[in-house]
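Engineer: Compute the structure for the input listed below.
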Amino acid sequence: MGKRQRKQSKRRRAGNSGPPLQRTNRAAASEPAPVVRMAVAARLPKACGGQVVRSGPPMVRPMIRGGYDAAQTTDDNRRHWANADSLSAAAANSLDVRKRVRERARYEVANNCYLNGMVQTLANDCIGTGPRLQMLTDDAALNDRIEERFSDWAREIHLAAKLRTMRYAKAVDGEVFAVLTTNKMLTSPIKLDLQLVECDRVTSPWLAMASNDVDGIRFDAFGNPIEYCIFRSHPGDLTGDLTFDWQSAEYVIHWFKSVRPGQQRGISEIMPALPLSAILRRYTIAVPAAASASCPTKRTPLRAGNMPAGGRASRLHTSSSANASVPPALRMPAAPVVDPAMSGGLWPSVPPISQGGGRWRRSLLPQKHGLRLAK
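Structural biologist: Residues are numbered from 1 along each chain as shown. Model (predicted):
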């Protein structure tokens, strides 16, 4: 490196070691004064000595507009999401809501053959002929005796029928209860019986419930059910009996589907299909009614008093004339005309039928051929 180059290198190093705002290159002398942003200097840590630094032109960051389409509220979907709320599982499935949904589900299943058949099929396929016990001990004779005793006991208490009823009620009502009781009337040495309880009977007798009471079910601090309040008679009975008993949770079976954390009571499984099933039922009834209203139903009987002159009945209506008053969608295709003279003796001749002085012809061809004779 030459002497001149070493001097230029020393001069450049001396210029870079100055204060932060000092510029030694000659090009900086012609530039305008630096833009100082005091707001940036105020945010500097104390380690920088509170010096004011130079910043370039303010950086404009692009604004990202993103999100979920379902979270947008527009004029088109405002009414659709009007009923969306943030209620808890217990508040959303309150007593009034469950009662209204349960009543409508029972009404729709009782009057809709499609929905009734689906629920019946679900209960039959789920339970079938009932549970069977299989023992796997080393004593084969003992296994047979225990399995036989269980089958006799299940047959005597109608276990399969009760389980099918519980599955049916779970689909329609959303939940079902069963109490394990002792039935001394059973001939089996096993006196255990299963008493079904409809969900209407399990409710709180007081309007103001405690914090650990969810509509007739009392829970402990860990969320486990302790006891159930079961009315002795159905609230819909006309007896007016409002007595109830608190049954220990050890002997109560509560069958329902929990779809939310904290949900303690069941809601009808067919609830989402209730509006559509009602529309389907009305549509199924309206289609044949509209078709019947559009078809002519008036028929004039043929009597001797309304015979035309000459004692001969008028010619029967052909398919084309009969279709004149029928809507196009319900019209039948016109049948071809066959001349008996051109049939080559294929169709035998039938003498006309006489009645009351009048004569008329009847068809000689089977209707499955779609043919008719010319006059």
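Engineer: So, low pLDDT: which residues of the stretch 51-200 of the chain?
Structural biologist: 51-57, 63-66 (pLDDT under 70).
Engineer: can you give me the helices for it?
Structural biologist: With helices called from DSSP state H, counting those that start in this stretch, the stretch 51-200 of the chain shows them at 89-92, 95-111, 113-127, 140-156, 159-173.
Engineer: Tabulate those helices (JSON lines), appending mean neighbour count and distance to residue 283.
Structural biologist: Every C-beta, even on glycine, is put in place using the N, C-alpha and C of the backbone. Output for the helices of the stretch 51-200 of the chain, formatted as JSON lines (neighbours: other Cβ atoms under 10 Å; distance: least, Cβ to Cβ, whole Å):
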{"stretch": "helix 89-92", "mean neighbour count": "14", "distance to residue 283": "30"}
{"stretch": "helix 95-111", "mean neighbour count": "16", "distance to residue 283": "14"}
{"stretch": "helix 113-127", "mean neighbour count": "15", "distance to residue 283": "11"}
{"stretch": "helix 140-156", "mean neighbour count": "14", "distance to residue 283": "43"}
{"stretch": "helix 159-173", "mean neighbour count": "19", "distance to residue 283": "22"}
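Engineer: so what's the residue nearest to residue 241 when sequence neighbours are not counted scoring on pLDDT?
Structural biologist: Among residues not flanking residue 241 along the chain, residue 233 sits closest, at 4.2 Å (Cβ to Cβ, 6 or more residues apart in numbering). Predicted confidence (pLDDT) for residue 233: 91.
Engineer: can you count the residues close to residue 233?
Structural biologist: 14 (other Cβ atoms under 10 Å).
Engineer: Now do the closest residue to residue 229 other than its chain neighbours against residue 256, distance only.
Structural biologist: Nearest in space to residue 229, with sequence neighbours left out and distances taken as Cβ to Cβ, 6+ apart, is residue 216 at 4.1 Å. Distance of residue 216 to residue 256, computed by Cβ to Cβ, to the nearest Å: 13 Å.
Engineer: Please say which of these two ends up with more neighbours.
Structural biologist: residue 216 (23 against 18).
Engineer: could you list every residue that touches that one?
Structural biologist: 202-204, 228-230 (Cβ atoms under 8 Å, 6 or more residues apart in numbering).
Engineer: Distance check, residue 283 against residue 188.
Structural biologist: 51 Å.
Engineer: Between those two, which is the more surrounded one?
Structural biologist: Of the pair residue 283 and residue 188, residue 188 is the one with more neighbours under other Cβ under 10 Å, namely 16 against 9.
Engineer: Now that one: phi and psi?
Structural biologist: phi -70, psi 150 (degrees, to the nearest 10).
Engineer: One more: residue 94?
Structural biologist: phi -70, psi 180.
Engineer: What sits closest to it if chain neighbours are left out?
Structural biologist: Nearest non-adjacent residue to residue 94 (Cβ to Cβ, 6+ apart): residue 215, at 7.9 Å.
Engineer: For the one you found, grab the count of nearby residues.
Structural biologist: 17.
Engineer: quick one: it and residue 204 touch, right?
Structural biologist: Yes. Residue 215 is within contact range of residue 204, at 5.3 Å (criterion: Cβ atoms under 8 Å).
Engineer: any shared contact partners between the two?
Structural biologist: residue 95.
Engineer: quick revisit: OK, contacts around the residue nearest to residue 94?
Structural biologist: Contacts of residue 215 (Cβ under 8 Å, 6+ apart): 94-95, 202-204, 209, 264-265.
Engineer: Just the ones of those in helices?
Structural biologist: residue 95 (DSSP state H).
Engineer: With distance to residue 59 as extra columns, can I get the contacts of residue 215 in CSV?
Structural biologist: Shown next, in CSV, are those (distance: Cβ to Cβ, whole Å):
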residue, distance to residue 59
94, 54
95, 59
202, 66
203, 65
204, 63
209, 59
264, 55
265, 57
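Engineer: Quick one: neighbours of residue 213, just the number.
Structural biologist: Residue 213: 16 neighbours (other Cβ under 10 Å).
Engineer: Start the count at 239 instead of 1 going forward.
Structural biologist: Sure thing, new numbering starts at 239, so read that last one as residue 451.
Engineer: And the pLDDT at it?
Structural biologist: Per-residue pLDDT puts residue 451 at 87.
Engineer: Is residue 506 in contact with residue 343, as I believe?
Structural biologist: Yes. Here residue 506 reaches residue 343: they are 4.3 Å apart, a contact under Cβ under 8 Å.
Engineer: Could you tell me which residues touch both of these two?
Structural biologist: 410-412, 512.
Engineer: farthest pair in these?
Structural biologist: Largest separation among the shared contacts of residue 506 and residue 343 by Cβ to Cβ: 411 and 512, giving 13.0 Å.
Engineer: can you list residues touching both of these two?
Structural biologist: 343, 506.
Engineer: which ones are touching residue 499?
Structural biologist: Residue 499 neighbours (Cβ under 8 Å, 6+ apart): residue 327.
Engineer: Give me the phi and psi for it.
Structural biologist: phi -60, psi 130.
Engineer: by contact count, what packs against the longest helix along the chain?
Structural biologist: The longest helix of the chain (DSSP H) is helix 512-532. Helix 512-532 sits against helix 333-349, helix 351-365, with contacts defined as 3 or more Cβ pairs under 8 Å, 6 or more residues apart in numbering; DSSP states H and E.
Engineer: so can I have JSON lines of the helices of the stretch 289-438 of the chain showing distance to residue 246?
Structural biologist: Shown next, in JSON lines, are those (distance: least, Cβ to Cβ, whole Å):
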{"stretch": "helix 327-330", "distance to residue 246": "80"}
{"stretch": "helix 333-349", "distance to residue 246": "87"}
{"stretch": "helix 351-365", "distance to residue 246": "93"}
{"stretch": "helix 378-394", "distance to residue 246": "105"}
{"stretch": "helix 397-411", "distance to residue 246": "93"}
